[in-house]
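A.B. asks: Predicted model and sequence follow; I will ask about them next.
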Amino acid sequence: MSYSIEQDVDQILISEEEIAKRVKEMGEQITRDYEGKPLILVGILKGANIFMADLARTVRGKVQLDFMVASSYGNGAVSSGQLKIVKDLPGDLTGKHILLVEDIIDTGLTLSKLQSYLLERGASSVKLCTFLDKPDHRKTVVDVDYVGFKVPDEFIIGYGIDYAEFYRNLPYIASLKREIYQ
Ligand code: IMP
Ligand code: MG
């Protein structure tokens, strides 16, 4: 029998329909909160790519899109706490309002470090938006302004989120079968 990524899915946690509904609500809230303020939506690649594309199209008002790439040093499975910025935002950020858009927050280290870094560069505000929140492993206190859904402490895949670079193309959020990653 031919391989299909669906066979590696343990459980579908959030359907395509639920995703679309929630993303629209988040976009409407962001539109209200930034009324009259130009906003830069900054997606953290690669994971936030698909969420960012959907979210951006639900936000009204003056919006620019940009992206950052960050990677943590050390072995891939565990966040080492050291963050390397591989692709940065260009130009002067003085007076800019930035909303960082992330796929999933786990330890919180990535978002909190990027937030402090962009504030140091002179941005007027740096708020945080994550599609998924896995709250069980926080290593730092981080105040996330927009959360799509809370998810259990499982290995999550789909809607841009990968395991070993695969499964980003699943249109829903799922948990990965344990035998795949253990
Ligand atoms: P942290 O909040 O600094 O630990 O980093 C969050 C990043 O870890 C996310 O952007 C993902 O790239 C990755 N990550 C955390 N949990 C998962 C998961 O369940 N599946 C896939 N990637 C994850
Ligand atoms: Mg990521």
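C.D. replies: Everything's here; your move. Residues are numbered from 1 along each chain as shown. Ligands and ions are numbered 1, 2, ... in the order given.

A.B. asks: ok, for residue 136, nearest residue in space, not its chain neighbours?
C.D. replies: Distances taken as C-beta to C-beta, 6 or more residues apart in numbering put residue 153 closest to residue 136, at 4.4 Å, once the chain neighbours are dropped. In this view, the C-beta of every residue, glycine as well, is placed from N, C-alpha and C.

A.B. asks: Pull the number of nearby residues for the one you found.
C.D. replies: The local packing count at residue 153 equals 11, with neighbours defined by other C-beta atoms under 10 Å.

A.B. asks: My understanding was that it contacts residue 138; is that so?
C.D. replies: No: under the contact definition of C-beta atoms under 8 Å, residue 153 does not touch residue 138, with a separation of 11.5 Å.

A.B. asks: What parts of the protein come near ligand 1?
C.D. replies: In this structure, the chain approaches ligand 1 at residues 47, 79, 102-110, 134, 155-156, 161, judged by C-beta under 6 Å from any ligand atom.

A.B. asks: The same query, at a cut-off of 5 Å, please.
C.D. replies: The chain comes close to ligand 1 at residues 47, 79, 104, 105, 106, 107, 108, 109, 110, 155, 156, 161, as judged by C-beta under 5 Å from any ligand atom.

A.B. asks: Okay, and which of those residues map to helices?
C.D. replies: Using DSSP state H, the members of the residues of the chain next to ligand 1 that fall in helices are 109, 110.

A.B. asks: Quick one: the residues of the chain next to ligand 1 as a markdown table, columns for pLDDT and neighbour count too.
C.D. replies: A markdown table is the format used below for the residues of the chain next to ligand 1 (pLDDT from 0 to 100; neighbours: other C-beta atoms under 10 Å):
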| residue | pLDDT | neighbour count |
| --- | --- | --- |
| 47 | 97 | 21 |
| 79 | 54 | 18 |
| 104 | 98 | 21 |
| 105 | 97 | 23 |
| 106 | 95 | 21 |
| 107 | 94 | 17 |
| 108 | 95 | 22 |
| 109 | 93 | 19 |
| 110 | 94 | 22 |
| 155 | 96 | 17 |
| 156 | 97 | 23 |
| 161 | 98 | 24 |
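
A.B. asks: quick one: low-confidence ranges for the chain?
C.D. replies: Judged by pLDDT under 70, the chain has its weakly predicted residues at 73-81.

A.B. asks: cutoff 90 now
C.D. replies: In the predicted model, the chain carries pLDDT under 90 at residues 1, 71-83, 137, 182.

A.B. asks: Quick one: the strands in this structure, in order.
C.D. replies: Assigned strands in the chain, in chain order: 9-14, 39-45, 63-72, 83-87, 97-105, 125-133, 146-150, 156-157, 173-176 (criterion: DSSP state E).
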